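Enquirer: Here is my input, please return the structure:
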Amino acid sequence: MTTQPQHTPDGAVQAQHVHEIAGGGKGRGSGPPPIPLSKENVVALMAACAGNSALRDATMIRFLYDTGCRVSEACGVRIEDLELDRDRVRFHRSKTDDKLNLKIWPATVAALERYLDFRRQLEGRMFLGAREKVFRSILSPFNSVDRRIVNKFLLKAGLAAGIPRRRCFPHALRHGRAVAMLEDGAPLLSIQRRLGHSSITTTMKYLDVAENWVDEWAYRAGQLPE
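Expert: Residues are numbered from 1 along each chain as shown. The predicted structure is shown next:
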């Protein structure tokens, strides 16, 4: 029986089967390790967005990376789900059916505000309906963005930025956010909550990608004073 991870004051995560975390084994998630996008990749993707939809596409890339959400969840966010004055957004998790209120970065809030202003001007409206989807088609404003559209503009921006094709898909943004949080020392339970994983085992698969962080955690944990 595996105990729940415990948090130390410096934010490290401790688990009963440390050897499974550091060296692999049944504690890891199944399947191949995820393919993440680095922070530099994400910046390059946003800069490479072009055409009439450039502002929307760059905003959505930032949104996907910041929240770590699934593309279906991002496509489903409505105007009423945004609490930009509080730097927050509400999500309806597609796999667990949970509702989550996430804090987002000020830069993401600013990008959303610019994009929504652009939408109001483009559509000739002063206000957007509370039940409307946030991310809409540029050519057909009453149609929402879907996974196919996101896949298409990510691939186009990725190729323009010189990013390998195998990394140019929405879930690579989610993987990249998870690895970045892990490398910055975020507890596994915090990462699990932000990504909406029902099991901590799924979150643990990112340890395969961030092995340097695992070594750093082992080095820092339990140091004795001089």
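
Enquirer: From now on I want contacts and neighbour counts done on CA atoms only, so please keep to that.
Expert: OK.

Enquirer: Could I get the average pLDDT for stretch 120-127?
Expert: Stretch 120-127 comes out with an average pLDDT of 92.

Enquirer: Can you give the contact residues for it?
Expert: Applying Cα atoms under 8 Å, 6 or more residues apart in numbering, the contact partners of stretch 120-127 are Leu128, Pro141.

Enquirer: So for that stretch, first residue to last residue, what's the gap.
Expert: For stretch 120-127, the first-to-last residue distance is 7 Å (Cα to Cα, to the nearest Å).

Enquirer: Could you give me the buried positions within that stretch?
Expert: By neighbour count on 16 or more other Cα atoms under 10 Å, the buried set for stretch 120-127 is empty.

Enquirer: Could you tell me the average pLDDT over stretch 58-74, please?
Expert: Here the average pLDDT along stretch 58-74 is 96.

Enquirer: Report the separation between the residue nearest to the spatial centre of the chain and Ser137.
Expert: With distances taken as Cα atoms, centre = their mean, the residue of the chain nearest its centroid is Gly68 (1.6 Å). For Gly68, the distance to Ser137 equals 22 Å [Cα to Cα].

Enquirer: Then Arg177?
Expert: 26 Å.

Enquirer: more neighbours, these two?
Expert: Arg177 (26 against 15; other Cα atoms under 10 Å).

Enquirer: quick one: which helix or strand includes that one?
Expert: helix 170-183 (DSSP states H and E).

Enquirer: what residues does that helix touch?
Expert: Residues contacting helix 170-183 (Cα under 8 Å, 6+ apart): 34-39, 42, 61, 64-66, 68-71, 150-151, 154, 188, 191, 195, 206-207, 209-210, 212-213.

Enquirer: Can you tell me which of the residues you listed are classed as buried?
Expert: 34-38, 42, 61, 64-66, 68-71, 150, 154, 188, 191, 195, 206-207, 209, 213.

Enquirer: Look up how far Arg167 lies from Leu155.
Expert: Noted for Leu155: a distance of 9 Å to Arg167, by Cα to Cα.

Enquirer: correct me, but Ala161 touches Ala50?
Expert: No - here Ala161 does not reach Ala50: they are 11.2 Å apart, not a contact under Cα atoms under 8 Å.

Enquirer: residues of stretch 76-84 that come out buried?
Expert: Quick answer for stretch 76-84 (16+ other Cα under 10 Å): Gly76, Val77, Arg78, Ile79, Asp81, Leu82, Glu83, Leu84.

Enquirer: And the furthest pair within those?
Expert: Gly76 and Leu84 (16.9 Å; Cα to Cα).

Enquirer: what about Phe91, helix or strand, and which?
Expert: Short version, using DSSP H and E: Phe91 is in strand 88-92.

Enquirer: Among the contacts of helix 170-183, name the ones in helices.
Expert: 39, 42, 61, 64-66, 71, 150-151, 154, 188, 191, 195, 212-213 (DSSP state H).

Enquirer: Using the record's assignment, carve this protein into domains.
Expert: What automatic domain parsing lists as the domains of the chain is 6-30+199-220, 39-174.

Enquirer: how much space between Pro106 and Glu83?
Expert: From Pro106 to Glu83 the distance is 12 Å (Cα to Cα).

Enquirer: ditto for Ile149
Expert: Distance from Ile149 to Glu83, by Cα to Cα: 25 Å.
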